[in-house]
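Chemist: this is a predicted model, with the sequence first.
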Amino acid sequence: MSFDEIGKVFLILLKYLLPTLKVFGMTLLFSIPLGMIVALLKMCKVKPVSWLMNIYIMIMRGTPLMLQVIIAYFAIPMLMQNAATPAWLNSLLSGVDIKGDAYMFRSVLVAFSLNYAAYFAEIFRGGIESIPKGQYEASACLGFSRTQTFFRIILPQVFKRVLPASTNEIITLVKDTSLANVVAYAEITMKAKQQMQLYSSLTPLVLAGVMYFVLAMVLSLLSSFIEKKLSYYK
Amino acid sequence: MRKHFFGKLLTGVLTAAMMFTFCGCGAADTSGSAGSDTPAASTADDSLKKVKDAGKFVLGLDATFEPMGYTDENDQIVGFDIDLAEEVCKRMGVELVKQPINWDTKEEDLNGGRIDCIWNGMSVNASRQETMNLSEPYMKNAMVFVVPADSDAKSMDDLAEAKIGVQNGSSAQEILEASAIASTMNEQVLATNVEALMQMDSGLVDAVFLDSVVAEYKINADQKDWKILPDGLEEEEYAIGFRKNDAALRDEVQKILGEMKADGTVEKIASEWFGSDVTTIQ
């Protein structure tokens, strides 16, 4: 490929950085709170709730994200076409515009959020359980309520402890956004593949790789910066 | 206390989730989806009316199939099929929406209603006739073997033990797997034809089995050092795929294509892409 062509491809890929970042950012926005809730529910003393969360985590971690994306994408159209779908569900689904531009993004987001929430849940659970019991007892003695204990004493420490593991997940997520191209969601990898076809050259893929690398670099620098900021007791 | 805490968290998340859902539905609720048309309820064919009411005709394509429908260097979807479809839509008075899909799941996209048709140099074969309502074939095609120009292979028989690249889910794959050399050859299934050709360039496969239309276009357009073996396997044809029940829409598109052939528009478009009218539209 000539220099001009590479520049052209680069500009196209740059334009699709936004859809990639959209999947990345929105997935974090939904999966981290959801993961926190799943972690807490898994530690719930009511056994069925805990089992349910276990099953959820097992399914999400035990099956490939790529399959989950495909299933999330086709679930609604397939239900709408299926005559066995109950009427109430049908009328609920008929509000979804499956031909609309937003549908694809939303289905991808659902799959990514549910998947990443399962991973985050296990990281958070590990973090919460790593706090010694003595701290709960001490804060109870000091008159903290359970809610106060959790938010003021436990959570700040958990945050520090789960940061390295979460950074791992977050960097993986940047690269996993490329899986959205299995349902033809237009993002960097999809466009790189199309341009690769056009020029019969691997260069567009290398360019895409460079972009993911830069994103991952920025994130890991950011995380080590935050880690340093948080190590105020050391 | 504990109850309160979980209660608050749950409410927060549910609210967020609902807001997300409703924002999505608000804009999406158009006239066509008034909830009354459950799939089994009506057998009448309102496919054409639906497209006209919506004002758009959604064409599903792989977007990497040169020269039929592909993404060009300016990130625009172009091609012979696209030019034909643009003209058809203009005459139907609707807007053409070009929806890239994953070729492996094209039937699901079509039957699920994400797209109205598959129009991307799709070959006619028995299983597609079964699952789709195909238009009349509009172009002839043959499946051919492409080998590097310096290859020793002179005919298909020389490839009996070779490693052959073919696109996954393509009719080329089906034909190859049913051919005489199927038992001895080493098949390499790849996502696209161009990936298969790239693998041949780097020596990973000995030959690629694909559509002659693509092979000839690639050799001419990219000046590649490849040759096409003279004995192709079975002639075949390209057609447009519609949903099984969408007869009205299929017939309308077919009718317009016929009119375009009659007034010379097809010839004009075909000459731009292939140098002459290679279509078989009646």
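Modeler: Noted; the coordinates are in hand.
Chemist: bridged to B:Lys163, which residues?
Modeler: B:Asn186 (DSSP bridges).
Chemist: residue contacts, it?
Modeler: With contact taken as C-beta atoms under 8 Å, 6 or more residues apart in numbering or on different chains, B:Lys163 is in contact with B:Met185, B:Asn186, B:Glu187, B:Gln188, B:Leu204, B:Val205, B:Asp206, B:Ala207. C-betas here are computed from N, CA, C, even on glycine.
Chemist: for the residue of the stretch 51-200 of chain B found nearest chain A, grab phi and psi.
Modeler: Going by C-beta to the nearest C-beta, chain A is nearest to B:Gly112 of the stretch 51-200 of chain B, at 2.7 Å. When quoted as degrees, to the nearest 10, the phi and psi of B:Gly112 stand at phi -80, psi -10.
Chemist: quick one: contacts for it?
Modeler: Contacts of B:Gly112 by C-beta under 8 Å, 6+ apart are A:Phe74, A:Pro77, A:Met78, A:Met80, A:Gln81, A:Ile98.
Chemist: which strand or helix spans A:Asp176?
Modeler: helix A:155-176 (DSSP states H and E).
Chemist: counting contacts, what elements does the next helix-or-strand element following that helix pack onto?
Modeler: The helix or strand immediately downstream of helix A:155-176 is helix A:188-199, counting by DSSP H and E. When contacts are defined as 3 or more C-beta pairs under 8 Å, 6 or more residues apart in numbering or on different chains; DSSP states H and E, helix A:188-199 packs onto helix A:3-15, helix A:17-42, helix A:203-230, strand B:64-65, strand B:69-71, helix B:193-201.
Chemist: ok, back up a step: of the contacts of B:Gly112, list those near chain B.
Modeler: Filtering these for proximity to chain B by C-beta under 8 Å from any C-beta of the partner chain leaves A:Phe74, A:Pro77, A:Met78, A:Met80, A:Gln81, A:Ile98.
Chemist: quick check: A:Met190 touching A:Ala184?
Modeler: Yes. Using C-beta atoms under 8 Å, A:Met190 is in contact with A:Ala184, at 6.6 Å.
Chemist: checking the nearest residue to A:Gln135 once chain neighbours are set aside next. Helix, strand or coil?
Modeler: Residue nearest to A:Gln135 in three dimensions, not counting chain neighbours: A:Ile153, with 6.1 Å by C-beta to C-beta, 6 or more residues apart in numbering or on different chains. In three-state terms, and counting by DSSP: H, G, I helix; E, B strand; the rest coil, A:Ile153 is helix.
Chemist: show me what contacts A:Ile153?
Modeler: Listed by C-beta under 8 Å, 6+ apart, the contact partners of A:Ile153 are A:Gln135, A:Ser139, A:Phe144.
Chemist: tell me how far the first one lies from chain B.
Modeler: Spatial separation of A:Gln135 from chain B under the definition C-beta to the nearest C-beta, to the nearest Å is 17 Å.
Chemist: can you check the last one too?
Modeler: Taking C-beta to the nearest C-beta as the measure, A:Phe144 and chain B are separated by 11 Å.
Chemist: confidence-wise, which helix or strand of chain A is lowest on average?
Modeler: Least confident helix or strand, chain A: helix A:87-93 with a mean of 83, by mean pLDDT, DSSP states H and E.
Chemist: how distant is that helix from the center of its chain?
Modeler: 29 Å (C-alpha atoms, centre = their mean, to the nearest Å).
Chemist: what angle separates the helix or strand following that helix from helix A:155-176?
Modeler: Proceeding N to C from helix A:87-93, the next assigned helix or strand is helix A:101-129, under DSSP H and E. Relative orientation of helix A:101-129 versus helix A:155-176 (axes from the mean of the first three to the mean of the last three C-alpha atoms, to 10 degrees): 140 degrees.
Chemist: and helix A:101-129, which residues are buried?
Modeler: A:103-125, A:127-128 (16 or more other C-beta atoms under 10 Å in any protein chain shown).
Chemist: number of nearby residues for residue 83?
Modeler: No chain in the question, so chain A it is. The number of residues packed near A:Ala83 is 9, by other C-beta atoms under 10 Å in any protein chain shown.
Chemist: actually, chain B is the one I wanted.
Modeler: 18.
Chemist: residues contacting the closest residue to it other than its chain neighbours?
Modeler: If the residues on either side of it in the chain are set aside, B:Asp83 comes closest to B:Ile269, at 4.7 Å by C-beta to C-beta, 6+ apart. Contacts of B:Ile269 were listed using C-beta under 8 Å, 6+ apart, and they are B:Phe80, B:Asp83, B:Leu84, B:Glu87.
Chemist: just the pLDDT for the second one.
Modeler: This points to B:Asp83. The model reports B:Asp83 with a pLDDT of 94.
Chemist: which of the helices or strands spans it?
Modeler: Using DSSP H and E, B:Asp83 falls within helix B:80-92.
Chemist: got the contacts of B:Gly112 as CSV, with distance to A:Ser231, pLDDT and secondary structure columns?
Modeler: Listed next are those as CSV, based on distance: C-beta to C-beta, whole Å; pLDDT from 0 to 100; DSSP: H, G, I helix; E, B strand; the rest coil:
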residue, distance to A:Ser231, pLDDT, secondary structure
A:Phe74, 47, 88, helix
A:Pro77, 50, 84, helix
A:Met78, 50, 83, helix
A:Met80, 53, 81, helix
A:Gln81, 55, 77, helix
A:Ile98, 49, 79, coil
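Chemist: quick check, nearest of those to A:Leu198?
Modeler: A:Phe74 (28.1 Å; C-beta to C-beta).
Chemist: got the domain ranges for chain B?
Modeler: B:47-139+B:237-274, B:141-236 (automatic domain parsing).
Chemist: where among the ones you listed is the average confidence lowest?
Modeler: For these, where the average pLDDT is lowest is domain B:141-236, sitting at a mean of 85.
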